[in-house]
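Participant: structure of the sequence below:
(2 chains)
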Amino acid sequence: MRYETVIGLEVHVELATESKIFCSCSAKFGGEQNDHVCPACCGMPGMLPIVNKHVVDLGMTAGMMLNCDINRTTTFDKKSYYYPDLPCSYQTTQLFSPVAVNGLVDIETSQGKRQIRIKQIHMEEDAGKLVHDDWSDTSLVDFNRTSVPLIEIVSQPDLHSAEEVIAYLERLRSLLRFARVSDCRMEQGSMRCDVNLSVRPEGSNVLGVRTEMKNMNSLSAIERAIEYETARHIDAIENGTEELVQETRRWDDLKGKSFSMRTKENAGDYRYFPDPNIMPVVIDDEWFDRIKATLPELPEVKKARYMTELGLGEYDAQQLCDSRALCDCFEQAYAVCGNAKEAANYLISDCMNMLNKAGLTADQLSINGESLGKLIKLVTEGTVSRPNAKKILAALFEQDIDPETYAKDNGFIVSNDTDLLKTVVKAVVASDPKTVADYKAGKEKVLMALFGRCMKELKGNCDPQTLREVLIEEVMNS
Amino acid sequence: MEKTTLISLEKLNQLRLTDEQRDSVLAFFDAQSGRLAELNAIDTESVERMVHVMPIMTVVRDDVEKKLFTRDELQKGAPETLDGYWQVPRLVD
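Facilitator: Model prediction:
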């Protein structure tokens, strides 16, 4: 018998805010334990939550990017469960009127294009972190992450393979990064995923027993977990190896297996009820329109425009469109220098190399696009040589400088002094008769050695084409 | 209410009822079911959900980070701490 895997995802995304969802503590990742805490996020008696407006901004932005309807009156609810990393013994979340509902996400796999339905996006607070201390046989609680704002994106069970799941997650990550909703760094836990999976005979419209794997934070682990869990379900159905039950499971990537954690709770177990401490959030037309006006051009639309209007190749356009920061910098640079190919090259090769060396991602690029455009203009007009442009770019990476002033201050302006050029070339040629003889004998490549030495003597400040012409003339006449 | 549901609720609330107590609770809920059926029979299709008893909306604050308390201040009343952590009985999922 052939089987169909049915998968629905709950994706948690930490929002790019400065402060937490209900208090003013820092929402930054990391920090000394319990350094980003206050009585509100520690759940001390009498403290009341105040909603961070930017969280609602980002919830709406995510909803609009995923083609959802925005609930203009959105409310918070309490989800009760006890655990030491949840100091209030309830999580403030949204059940009855989430910020966004009924969305659609386009994905593309080897099987073609499909649309995945989004059931809802709700805003909620994250839990803290527990460290298990074997020495003292206790658990240690860090509340820094408690109340860090999240959105949970709940899909309908429309996915049918690991490939589709990966395509969906990559699409979500691209859209949310582009809209600056989140950095979506799975390795830091700012994007993590619960996989709900069941298996049924192909053609059946009855769902099988559903299991959930929680807090998956690597695409490759998700792929392996889906393949394992699908095989386990089919084995149980066909061979009766075990009884499938609705439950939450933990994926152990090292062992390549999933393990039962607990019987799956239902909504009733959490005793959801409207949070009486937070009045409804009402999104008026002005607020709605302001967020709508900030939505970015979609990456695929931008990519097509870069290719058709600016003449970039598909590879270059795709590389740029992987990051909103690269796109913004590219567009600012292009507006100044008018040379799309040069701007793309500097960003994709030189800037990305510098980012990689600094351990930063493309989204952390902070180079001023206008300054980059000015630098490219200096290069294409022949005012600064390419080797020296790299030095100026390195300085620009550290701080925003005016490339022309920096070039002048550091002696990087290409010299028009042809007498100096000829003097240097003459001296280099005279010092190396063997290489000159080799060139004359037909070994054209050796000219590069002489060229390099001349360039070094001139500190890179000459037009390469002029140098080459003067050098060949000098060699042939010597 | 089914007996299995009651047992599930007992477990969630860390209660242990005797069979006699269970019968009494189930009888109580059965008595309420008629009243609930009456409520469920009311057509609320066109009635807007009440989200709060007062017709007011929440205030929101700007996304500005402020450090208002130190860790030491917050942990003054903690029964146990270790290296800046709150220390609790061991819990492993």
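Participant: strands of the stretch 1-150 of chain A, start to end?
Facilitator: A:3-14, A:51-52, A:69-70, A:73-74, A:77-80, A:90-93, A:100-109, A:112-125, A:129-133, A:138-142, A:149-155 (DSSP state E, counting those that start in this stretch).
Participant: identify all contacting residues around the second one.
Facilitator: Outside strand A:51-52, the residues within contact range by C-beta atoms under 8 Å, 6 or more residues apart in numbering or on different chains are A:17, A:19-22, A:76, A:149, A:278, A:281, B:58-63. From N, CA and C alone the C-beta is placed, and that goes for glycine too.
Participant: dump the C-alpha coordinates for stretch A:61-75 into PDB.
Facilitator: Taking Å, rounded to 0.1, in the frame of the first residue of the first chain, the C-alpha atoms of stretch A:61-75 are listed here in PDB:
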ATOM      1  CA  THR A  61       4.000  42.800   9.200                       C
ATOM      2  CA  ALA A  62       4.400  39.000   9.300                       C
ATOM      3  CA  GLY A  63       0.700  38.600   8.700                       C
ATOM      4  CA  MET A  64       0.700  40.900   5.700                       C
ATOM      5  CA  MET A  65       3.900  39.200   4.200                       C
ATOM      6  CA  LEU A  66       2.100  35.800   4.500                       C
ATOM      7  CA  ASN A  67      -1.100  37.100   2.900                       C
ATOM      8  CA  CYS A  68      -3.100  36.900   6.000                       C
ATOM      9  CA  ASP A  69      -6.200  38.800   7.100                       C
ATOM     10  CA  ILE A  70      -5.400  41.100  10.100                       C
ATOM     11  CA  ASN A  71      -7.700  41.000  13.100                       C
ATOM     12  CA  ARG A  72      -8.300  44.700  13.800                       C
ATOM     13  CA  THR A  73      -9.200  43.800  17.400                       C
ATOM     14  CA  THR A  74      -6.700  41.300  18.700                       C
ATOM     15  CA  THR A  75      -6.700  39.900  22.200                       C
END
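Participant: quick one: buried residues of it?
Facilitator: A:Thr61, A:Ala62, A:Gly63, A:Met64, A:Met65, A:Leu66, A:Cys68, A:Ile70, A:Asn71, A:Arg72, A:Thr74, A:Thr75 (16 or more other C-beta atoms under 10 Å in any protein chain shown).
Participant: cool, stretch A:448-462 as well?
Facilitator: Neighbour counts over stretch A:448-462 (16+ other C-beta under 10 Å) mark A:Leu450, A:Phe451, A:Arg453, A:Cys454, A:Met455, A:Glu457, A:Leu458, A:Gly460, A:Asn461, A:Cys462 as buried.
Participant: packing partners for the longest strand seen in chain B?
Facilitator: The longest strand of chain B (DSSP state E) is strand B:85-89. Applying 3 or more C-beta pairs under 8 Å, 6 or more residues apart in numbering or on different chains; DSSP states H and E, one finds that strand B:85-89 contacts strand A:138-142.
Participant: what's next to the strand it packs on, contact-wise?
Facilitator: Strand A:138-142 is contacted from outside by A:33-34, A:84-85, A:128-133, B:80, B:82-83, B:85-92, using C-beta under 8 Å, 6+ apart.
Participant: go again using 7 Å as the cut-off
Facilitator: A:33-34, A:84-85, A:128-133, B:82, B:85-91 (C-beta atoms under 7 Å, 6 or more residues apart in numbering or on different chains).
Participant: just the buried ones from those residues, in PyMOL syntax?
Facilitator: Written as a PyMOL command, the selection of buried residues from the contacts of strand A:138-142, which uses 16+ other C-beta under 10 Å, is:
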select buried, (chain A and resi 33+34+84+85+128+129+130) or (chain B and resi 85+86+87+88)
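Participant: which non-adjacent residue is nearest the residue of chain B most remote from its centre?
Facilitator: Of all residues in chain B, B:Asp83 sits farthest from the chain's C-alpha centroid, using C-alpha atoms, centre = their mean; the distance is 32.0 Å. Distances taken as C-beta to C-beta, 6 or more residues apart in numbering or on different chains put A:Gln33 closest to B:Asp83, at 7.2 Å, once the chain neighbours are dropped.
Participant: give me the distance between B:Val53 and chain A.
Facilitator: In this view, B:Val53 and chain A are 9 Å apart by C-beta to the nearest C-beta, to the nearest Å.
Participant: number of nearby residues for that residue?
Facilitator: Counted with other C-beta atoms under 10 Å in any protein chain shown, the neighbours of B:Val53 add up to 7.
Participant: which SS state does it fall under?
Facilitator: Following DSSP: H, G, I helix; E, B strand; the rest coil, we place B:Val53 in the coil state.
Participant: please apply the same query to A:Pro276.
Facilitator: coil.
Participant: for it, the count of nearby residues, please.
Facilitator: Using other C-beta under 10 Å, A:Pro276 has 10 neighbouring residues.
Participant: one more: the one 4 residues further on?
Facilitator: Residues within reach of A:Pro280, counting by other C-beta under 10 Å, total 20.
Participant: about what we covered before: which residues sit against the longest strand of chain B?
Facilitator: Strand B:85-89 is contacted from outside by A:33-34, A:84, A:131, A:138-142, B:75, B:78, B:80-81, using C-beta under 7 Å, 6+ apart.
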